[in-house]
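Asker: Starting from these lines, generate the structure:
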Amino acid sequence: MEEIKDDETWDKAIGQFRMALNTQVLKPLRKYGQGHYVDTALEEIVSLAIQLHQRLEGLDEPYHINNEKLRY
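Answerer: Sure, this is the predicted structure:
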């Protein structure tokens with residue numbers, strides 16, 4: 001039962017983080033036609049945040065960025 005609660009807490013926290021980025025931090029970029037870039041960058045930022053959490057919990061691995069998704 002605790003594992004389910006932890007999964008729900010994790011999913012809720014990630015969802016709230018993603019929403020804060022999407023609706024507040026990155027929202028101005030959408031006004032200038034950058035929506036596609038915002039979507040891909042948002043997922044990479046969330047991925048980096050999770051990697052940071054894992055690193056702070058003691059999992060010492062290099063950061064990974066999926067450059068194939070990021071188009072400039």
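Asker: and residue 54, what does it touch?
Answerer: residue 61 (Cβ atoms under 8 Å, 6 or more residues apart in numbering). In short, each C-beta sits where N, CA and C put it, glycine included.
Asker: So which bits of the strand or helix carrying it are buried?
Answerer: In this assignment (DSSP states H and E), residue 54 forms part of helix 35-56. Within helix 35-56, the residues scored as buried using 16 or more other Cβ atoms under 10 Å are 37, 38, 41, 45, 46, 51.
Asker: Redo the residues you listed as CSV? Include pLDDT.
Answerer: CSV is the format used below for those (pLDDT from 0 to 100):
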residue, pLDDT
37, 86
38, 88
41, 89
45, 94
46, 94
51, 95
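Asker: Identify, from the residues you listed, the entry nearest to residue 10.
Answerer: residue 46 (12.3 Å; Cβ to Cβ).
Asker: list the helices and strands the host helix or strand of residue 7 packs on?
Answerer: Here residue 7 sits within helix 2-20, counting by DSSP H and E. The criterion is 3 or more Cβ pairs under 8 Å, 6 or more residues apart in numbering; DSSP states H and E, and the helices and strands that helix 2-20 contacts are helix 35-56.
Asker: ok so, going back, who touches the helix holding residue 7?
Answerer: If you take Cβ under 8 Å, 6+ apart as the criterion, helix 2-20 is touched by 42, 46, 49, 50.
Asker: Stretch 60-71 too?
Answerer: By Cβ under 8 Å, 6+ apart, the list of residues contacting stretch 60-71 reads 36, 37, 40, 41, 43, 44, 47, 48, 51, 54, 55.
Asker: one step back: average pLDDT across the helix holding residue 7?
Answerer: Averaged over helix 2-20, pLDDT sits at 86.
Asker: okay, the helix or strand following it in CSV with CA atoms only?
Answerer: Sequence-wise, the next helix or strand downstream of helix 2-20 (DSSP H and E) is helix 27-30. What follows is helix 27-30, C-alpha atoms only, in CSV (Å, rounded to 0.1, in the frame of the first residue of the first chain):
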residue,chain,number,x,y,z
LYS,A,27,4.3,30.3,-21.3
PRO,A,28,5.8,33.5,-22.8
LEU,A,29,7.6,31.4,-25.5
ARG,A,30,4.3,30.0,-26.8
